[in-house]
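Participant: attaching a predicted model along with its sequence, questions to come.
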Amino acid sequence: MKTRMAGLRTEQSSTVMKLALLKRKLARLDREWIHFREAALIRDAHGGKEPSAFRCVMRAGAMTLLGLLVAGVPWFAVAYVAKAALVAVTGIGMTILCLGWHHFAEGLSRVSRFNRQRRRYQTRRREIVALIRHEQSR
């Protein structure tokens, strides 16, 4: 068909319009992700970094050391494996006691919620990029 629209054949203009729509969707998705991530960073009180399970464990370890020092447990008297178990149990327990169960659970759920949202964003972005590549190859 020789119908022209903006100097393009109809099937070409359709592809150009699809590409423009997909690129707008991708840009909107990226903007929404940036907004979500910035909001998460503002909520996170630890140095403006993304929430991580590693920081939760480090906090638990610090509370454990504090608990052991207060309790006066000599490091040399505790076997390595027993010490590791004691550190884990005491650290989690001290974190829960000092910060409260609600705060501890909220930190863990915030990390999982952030990771779930990131996976959803990455999946959707890959889908849109694949559609754009498919349209460009036509």
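Facilitator: Received it, and whenever you're ready, just let me know what you need.

Participant: so what secondary structure elements neighbour the longest helix along the chain?
Facilitator: If you go by DSSP state H, the chain has its longest helix at helix 101-137. Contact partners of helix 101-137 among helices and strands, from 3 or more Cβ pairs under 8 Å, 6 or more residues apart in numbering; DSSP states H and E: helix 10-43, helix 53-71. In short, each C-beta sits where N, CA and C put it, glycine included.

Participant: ok, of the ones you listed, where does mean pLDDT dip lowest?
Facilitator: Among these, helix 53-71 has the lowest mean pLDDT, at a mean of 63.

Participant: would you mark the buried spots in stretch 110-129?
Facilitator: Residues of stretch 110-129 classed as buried: 111, 114, 121, 128 (neighbour count, 16 or more other Cβ atoms under 10 Å).

Participant: swap in stretch 14-27?
Facilitator: 22, 25, 26.

Participant: what does it contact?
Facilitator: 8, 125, 128, 129, 131, 132, 135, 136, 138 (Cβ atoms under 8 Å, 6 or more residues apart in numbering).

Participant: so among those residues, where is pLDDT lowest?
Facilitator: residue 8 (51).

Participant: re earlier: any chance of TSV for the buried residues of stretch 14-27, columns distance to residue 38?
Facilitator: Below are the buried residues of stretch 14-27 laid out as TSV (distance: Cβ to Cβ, whole Å):
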residue	distance to residue 38
22	25
25	21
26	19
